[in-house]
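# Next comes the sequence, and after it the predicted model I'd like to discuss.
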Amino acid sequence: MSDESTLLREADDAFGELRRAIDGLEDETMRQVWLGTWGVREILIHISGWHREMIPALARVARGEPAYPAGTYDDFDAWNARFVDRKTGVKTADVLAELDASHQAFMAAAAALPDAQLAPGGAARDSFEGAGAGHYREHAAQILDWRRKASA
């Protein structure tokens, strides 16, 4: 199995872990603030936001260009806040639909890359991993921990 196939499978598996971490949560629960100023809803918006940012970055890599200009994403907190602010008032069901749609588009953009771009040291590797499996697992673990504490 190629490195690209392995990375794509791992990202899909980790996305499944994230989706299972939020299974059964109602809208009101997803809106509860417990991670700074965020709840589950904001975490999911932020993940979708990074998907949408990385899709054109991966397309630029496919064209032989840098993923993005140096310094573009130096202030992650500002980008995260921007993603969440843009979705103020959006229904949670729409947040979930966007999460799924953005994941699929992100995965399709990665799958379209030559294998070498996702290999260790490849031009797209960091962008893909930053918004992919590790990102999903980080937030799935936070959500599961919060759910455990909330039910104790």
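Received, thanks. Numbers count the residues shown, from 1 in each chain.

# What residues does the most centrally placed residue in the chain make contact with?
Nearest residue to the geometric centre of the chain (C-alpha atoms, centre = their mean): residue 47, 3.3 Å. Residues counted as contacts of residue 47 (C-beta atoms under 8 Å, 6 or more residues apart in numbering) are 18, 99, 102, 131, 135-136, 139. Placement of C-beta: from N, CA and C, glycine included.

# Most neighbours among those residues, please name it.
Among the contacts of residue 47, residue 131 has the most neighbours (other C-beta atoms under 10 Å), with 26 neighbours.

# Just the pLDDT for that one.
We have a pLDDT of 96 for residue 131.

# re earlier: and of the contacts of residue 47, the nearest to residue 61?
For the contacts of residue 47, the closest approach to residue 61 (C-beta to C-beta) belongs to residue 131, at 13.1 Å.

# In contact with that closest one, which residues?
47, 50-51, 53-54, 106.

# please redo it, this time with the cut-off set to 6 Å
Applying C-beta atoms under 6 Å, 6 or more residues apart in numbering to residue 131 gives the contacts 50-51, 54.
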